[in-house]
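[1] Mind folding the following:
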Amino acid sequence: MNEKKDIPVAINSATIPARTVKSLYPAQFAAQMEGRTKHVLGDVFGLKNFGVNLTRLVPGGISALRHAHSQQDEFIYVISGCGVLITDEGETVISTGMCAGFPAGTGNAHQIRNTGTMELIFLEVGDRSAGDEVTYPDDDLMAQFVSGGWQFTRKDGSSY
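    Numbers count the residues shown, from 1 in each chain. So this is what the prediction gives:
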């Protein structure tokens, strides 16, 4: 550990506890994330410009509601397991060693589903650009990144 800042130089990711909050979505959407566990790796090192999550999906689990960011790039790398990446182009089978990137501002919504029989484990990397807005084409939901946190509304702007 770095004694000045109490930040490790390196750590075994298995020792980082899972995030206790399953989802920041409003309750009716958050329930869909029960099959997902996230280990927030980047925060352990004090990373401010981008986040890194080790995400685990049980069979049938989903990564998130299908979504697209206006300002934030995202990248995933599959560590183990198999599933389906769902984008505007359709479904693409993903498995160990595969990766995918989602540039900000394209409007191409994405989601990962574990369609296999074993746990699907992948890394998620995303930046933390201010002013990000997220669209959810399959759900009555919008999100804005304001004051360091996410604010969710319906597509008409009304609150949940």
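[2] In this protein, where is pLDDT below threshold?
    By pLDDT under 70, the low-scoring segments of the chain are 1-4, 148.
[3] And the strands in this structure, which stretches?
    Under the criterion DSSP state E, strands of the chain are mapped to 36-40, 50-57, 68-69, 74-80, 82-87, 90-95, 99-102, 111-113, 120-127, 133-135, 142-146, 149-153.
[4] The first one vs strand 50-57, what angle?
    Strand 36-40 runs at 150 degrees relative to strand 50-57, counting by axes from the mean of the first three to the mean of the last three C-alpha atoms, to 10 degrees.
[5] Which neighbouring elements make contact with strand 36-40?
    Strand 36-40 makes packing contacts with strand 50-57 when contacts are defined by 3 or more C-beta pairs under 8 Å, 6 or more residues apart in numbering; DSSP states H and E. (Each C-beta comes from the backbone N, C-alpha and C, glycine too.)
[6] angle of the strand it packs on against strand 120-127?
    If you take the same axes, to 10 degrees, strand 50-57 sits at 160 degrees to strand 120-127.
[7] Relative to strand 50-57, what are the paired strands and their orientations?
    Using DSSP bridges, strand 50-57 pairs in its sheet with strand 36-40 (antiparallel), strand 120-127 (antiparallel).
[8] Tabulate the ones you listed (CSV), appending distance to Cys82 and mean neighbour count.
    Listed next are the strands paired with strand 50-57 as CSV, based on distance: least, C-beta to C-beta, whole Å; neighbours: other C-beta atoms under 10 Å:
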stretch, distance to Cys82, mean neighbour count
strand 36-40, 16, 19
strand 120-127, 7, 20
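[9] do you know which of those strands lies nearest Ser80?
    When those are compared by C-beta to C-beta, strand 120-127 sits nearest Ser80, at 4.9 Å.
[10] Adding distance to Ala10, write the strands paired with strand 50-57 out as a markdown table.
    Shown next, in a markdown table, are the strands paired with strand 50-57 (distance: least, C-beta to C-beta, whole Å):
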| stretch | distance to Ala10 |
| --- | --- |
| strand 36-40 | 15 |
| strand 120-127 | 16 |
